[in-house]
Structures are given as C-alpha cells and as structure tokens.
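**Q** give me coordinates for this.
(2 chains, ligands or ions: 1)
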Amino acid sequence: MKYVDEFRDPDRARVLCENIRRLVDRIGLERPLQLMEVCGGHTHSIFRYGIGNMLPKEIELVHGPGCPVCVLPMGRVDDCVALAERSEVIFTTFGDAMRVPGSRGNLLEAKARGADVRMVYSPLDALALARKHPDREIVFFGLGFETTMPSTALTVLQAERDGIDNFSLFCNHITIVPTIKAILDSPDLRLDGFLGPGHVSMIIGLEPYEFIARDYRRPIVISGFEPLDILQGIWMLLEQLAAGRCEVENQYRRIVPRAGNRQALSAIHRVFELREYFEWRGLGSIDYSGVRMRREYARFDAERKFTLPNLRIADPKACQCGEVLKGVIRPWECKVFGTACTPEMPLGALMVSSEGACAAYFNYGGIDLAEVIRRRKAGAPAGA
Amino acid sequence: MCLGIPGRIVAIADAANRLAVVDVAGVRRRVNVACIVDDAHPVESCVGDWVLLHVGFAMSRIDEAEAVRTLALLTELGEAELELDRMQSGS
Ligand code: SF4
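**A** Here you go, the predicted model:
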C-alpha cells in the first residue's frame, strides 16, 4: 500500500501541524480563527481522522452547508412524497435521500405506505426503468451540487435523444458559490477563510471563487479529502493569512483543473438555468442558489409535468440546524443533539447523512453523550 | 455521493452513447464517459484508464496511485462498501 502511506504518513502530518502552529503564533491572534470547510466530504474526513484535535486550539473548523441531503427543505421532501404517492409514478432516488424528514414523514415511510419508491445508483438506472415500464411515469429525484449536476443533465439529454417521454427529473440541484456568498453576507458570522470543495471544483474550476478573494478579502484553498490534503489545505490558508494575501489556491491539483471540466459544464448549461432563489433547510431562501430545467426541456421537468404541493414548511422548532450550518453553535450545543435527534431517528437533516456535521460528530466526535446531556440539563454550556 | 469511487474502464459498451464498462473493486457496471472524452481522447482510447465515478458517470481521469488512495480512504470512511452496494442494487 505504498500509495496510501504517503497520505497517512504521521511524520508529515506532524511537520504540517508544527508549521501550522508556527504560523498561528506568527499571526498573533486575538480571537480564534474560524475556517469553514464547505464540503460534506471534508466534514466526514475531518471527524473520522480527528483533524480538529490535531490543530492548535486557536483554529476552529466550522462545518459548512456542503451536504446536499442535509440542506433539503421539508417542503421539497413533501413534494417528493406527493409525487411518489401518485399511482402512475415510480419515484427513483439516491439512497441517501430516503430518510430525510419531511412534514409527512420521509420517503422510506411513503414506500412502506405503498408508494412505489425505488433506490437507484445512477440517474441512468432511472432512465432504464422508463424504457422497461412504458406505461408508468418514472421520476428521478435529482439533487446535489455541481458534482452530480452533469449526470442528471446528460441523462435528460439521453432521454431526449432516445425519445423517452415517460421520464422526468424533479430538480433540486443547488450551486455552491451563491451559498458561500450568502454565508459571507450573514451578519452573525466571522469566517477567516475557506477550504474549498474538491469535487465540485473538479467540475466548475477555480474562477467562480475569485470573488471571495477579490470582494470579500478571504483566502480559499481547494482541497482533497485525505487527512494530509486537509492539513495541507489549512496550512496553505494560514500561509496566506500570515502574509496578508487573499487568493484562490488549489491544493488538489491532481484532480482539479483550473478551468474545470468543459464537457460537464456544457451539459449543465444546456439543460439548467439559475432559479431566482431556492430554499435551504436551516438557512432559508438564498438568491440564485438553485437551478431548474430550461423551458426547452419542459417535458422532462417533473415540476411542470405534475402539480406539486410546493409549500414552504418551517423546520421543527427544536431544530438548530441553521445555527450549526453557519457555525454559530457547534453540533453538540443543539438542545436535541443525541436525545430527540440521533442518526437512527434524525430530527434535523444534519443528522441524516454521514456528511452532515451532527451525524459525523455523533459517530466520530468521541463525545460522552451522558456528559453532554447532564451539562445541558444543568443549564451549563455543553463543552467540547 | 460527493466523494465518488475510482474504477478502471475495461471495455466500451456503446461508443455512440458514450457508454463503457468499468470495474470497481471487482464489481462491473456500465457507466457514461461523456465528460472525459473529446477529440484528443476518443471513447475508443479509454480502455485501461482509471477514472473517478460519480453516480454512474466518469468525471475525471486519475492515475493508479490516486485510485488506490481514494479506495483506501473510502474504505476507512465506511463509504466504499456502501457505494459498491449501491452500484449493484440497480433498481
Ligand atoms: S442535533 Fe439534529 S436538530 Fe440539532 S442541529 Fe443537529 S441535526 Fe439539527
């Protein structure tokens, strides 16, 4: 496993941590540095390898909104359930989305009540189902950032080429850049830099992040997912901060080309256009943060083909997902963390997927749950 | 969903529709390679290439070292087995 050792090398990790320590001292902080990892894949890796504990305590990692399943609002889940309950529909989805709570339960429960819900690995599997069942309507639940957008776009283009009319897409794709902007504009938050998403950037390239450095004067480093990638990304951020630079840098050059993936981008632009706004769980409505299908593809658009409830449903009162997403509180500081909200019975969406901050923290955070609950009851802030 | 999984292209299934067969840790499946082909790299030239797969689409060409590392990372994160199950589940 020589290829792997290189990225797990404890000596290199130690050297990086020492360099990070030195830079923190050089910067001479008056308050902790808050660095946000935008991508759920990073969140998962950070918790799995305990990267937070390797860093000087002056560095706080804020776990961003980069888990597409986690930020799906209740109303959209209700729309999925309504679609799935139509007798002519076979509703197809990635498995991750099955347990996201809606106001009338999740898709798994809809399936138990008799709806025809099927898990697929790929939108291409949904298209294959449409060929196999010409008498049914196959709806594919498209979600994810730019990493999965090309796959649904190309599937729609394939459906068009093959003249498959009983296939449609319920489009819930979201786009990362306006979301970072919304976070930067949010008054209750002070981020000092960003670890940029690796695989989203493989598609969109580096240019879309320029405004972060130019207009907001914050550094961003696109990073890979290995523990050493993440440490190196943090080190590169600190180098910038220490030197007073704000740039878009690429730690993950082996995967992320500066210009992104041309074929993928052209498929995305052919099929999708920006929505004026899109609703995020916990964050509310964010301008231009989602995409919908262009009118030319209306006949493959489930939102045009079927009537949907399309309601805005408030998150449960006890949920503090929004505050966790913005880094205002940490996962274990949510009042229902580990009690009313657990990975088995998630109340909030951040507990659903292994990429959600709460689930990652619950599974790998090394927390003493009894202690957290005891402190919460005693009214004391639940410490780390 | 966001991390993807590495695999190796072992055959071309349907060049016109940009479909290839990929081997991922012993599991074989048809995938779409439209995003990694162009005039310089036509479909026919892809056999033997390592790629990063996202939901049935090859999104990036990678080298073997990267493939091994990514698979090891996914295994440690508990994602590899899940992803292989998903790939085989079909519908
Ligand atoms: S513990 Fe549950 S409700 Fe609270 S922030 Fe996390 S996911 Fe949301």
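**Q** in the stretch 1-150 of chain A, what residue is nearest the ligand?
**A** Residue of the stretch 1-150 of chain A nearest the ligand, by Cβ to the nearest ligand atom: A:Cys70 (7.8 Å). All C-beta spots, glycine's among them, are computed from the backbone N, C-alpha and C.
**Q** which element is that residue on?
**A** Assignment of secondary structure by DSSP states H and E places A:Cys70 within no helix or strand.
**Q** which helix of chain B spans the most residues?
**A** Secondary structure of chain B per DSSP state H: the longest helix is helix B:64-77.
**Q** return the set of buried residues in that helix.
**A** Within helix B:64-77, the residues that count as buried by 16 or more other Cβ atoms under 10 Å in any protein chain shown are B:66-74, B:77.
**Q** and that helix, how far from the chain's centre?
**A** Distance of helix B:64-77 from the chain centroid (Cα atoms, centre = their mean, to the nearest Å) equals 13 Å.
**Q** one more: stretch A:55-71?
**A** In terms of Cα atoms, centre = their mean, the centre of stretch A:55-71 is found 11 Å from the chain centre.
**Q** and the average pLDDT for it is what?
**A** Here stretch A:55-71 scores 88 as its mean pLDDT.
**Q** ok, and does that stretch reach over to chain B?
**A** Yes. Stretch A:55-71 reaches chain B (Cβ under 8 Å from any Cβ of the partner chain) through A:66-69.
**Q** tell me the two of the residues you listed that are most distant?
**A** A:Gly66 and A:Val69 (10.7 Å; Cβ to Cβ).
**Q** between those two, tell me which one has more neighbours.
**A** A:Gly66 (29 against 25; other Cβ atoms under 10 Å in any protein chain shown).
**Q** now do the contacts for the closest residue to that one other than its chain neighbours.
**A** Distance criterion Cβ to Cβ, 6 or more residues apart in numbering or on different chains; nearest residue to A:Gly66, sequence neighbours excluded, is A:Cys39 at 4.0 Å. The contact partners of A:Cys39, taken as Cβ atoms under 8 Å, 6 or more residues apart in numbering or on different chains, are A:64, A:66, A:195-200, B:2.
**Q** tell me which of those residues fall in strands.
**A** Counting by DSSP state E, the contacts of A:Cys39 place A:64, A:66, A:195-196 in strands.
**Q** thinking again about what came up before, any idea of the mean pLDDT for the longest helix of chain B?
**A** On average, helix B:64-77 scores 88.
**Q** avg pLDDT for the helix or strand that that helix is followed by?
**A** Toward the C-terminus, helix B:64-77 is succeeded by helix B:80-89 as the next helix or strand (DSSP H and E). Mean pLDDT, helix B:80-89: 83.
**Q** check whether helix B:80-89 contacts chain A.
**A** Yes. With Cβ under 8 Å from any Cβ as the measure, helix B:80-89 is seen reaching chain A through B:86-87, B:89.
**Q** next one: phi and psi at the residue nearest to A:Gly66?
**A** phi -100, psi 140 (degrees, to the nearest 10).
**Q** next one: A:Asn261
**A** phi -110, psi 110.
**Q** could you measure from it over to A:Val77?
**A** From A:Asn261 across to A:Val77, the span is 30 Å (Cβ to Cβ, to the nearest Å).
**Q** and the residue in chain B positioned nearest to chain A, what does it touch?
**A** Proximity of chain B to chain A (Cβ to the nearest Cβ) peaks at B:Gly56, 2.6 Å away. B:Gly56 makes contacts with A:121-125, A:151, B:29-32, as judged by Cβ under 8 Å, 6+ apart.
**Q** any idea which of the residues you listed is closest to B:Val21?
**A** B:Arg30 (5.9 Å).
**Q** ok, that closest one touching B:Ile12?
**A** No. Checked against Cβ atoms under 8 Å, the pair B:Arg30 and B:Ile12 is beyond contact range at 10.4 Å.
**Q** one step back: anything in contact with each of A:Gly66 and A:Val69?
**A** Common contacts of A:Gly66 and A:Val69, defined by Cβ under 8 Å, 6+ apart, comprise A:Glu355.
**Q** select only the buried ones of the ones in strands among the contacts of A:Cys39 in ChimeraX?
**A** Here is the ChimeraX selection string for the buried members of the ones in strands among the contacts of A:Cys39, based on 16+ other Cβ under 10 Å:
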select /A:64,66,195,196
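**Q** can I get the ones in strands among the contacts of A:Cys39 in CSV with distance to B:Pro6?
**A** As requested, the ones in strands among the contacts of A:Cys39 are arranged in CSV below (distance: Cβ to Cβ, whole Å):
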residue, distance to B:Pro6
A:Gly64, 25
A:Gly66, 21
A:Leu195, 22
A:Gly196, 21
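**Q** the ligand next: which of the ones in strands among the contacts of A:Cys39 are close?
**A** Among those, proximity to the ligand is found for none (Cβ under 6 Å from any ligand atom).
**Q** out of A:Asn261 and A:Val77, which sits in the more crowded spot?
**A** Set side by side, A:Asn261 and A:Val77 show more neighbours around A:Val77, with 25 against 22, by other Cβ under 10 Å.
**Q** now do the contacts for that one.
**A** Neighbouring residues of A:Val77 by Cβ under 8 Å, 6+ apart: A:100-103, A:106-107.
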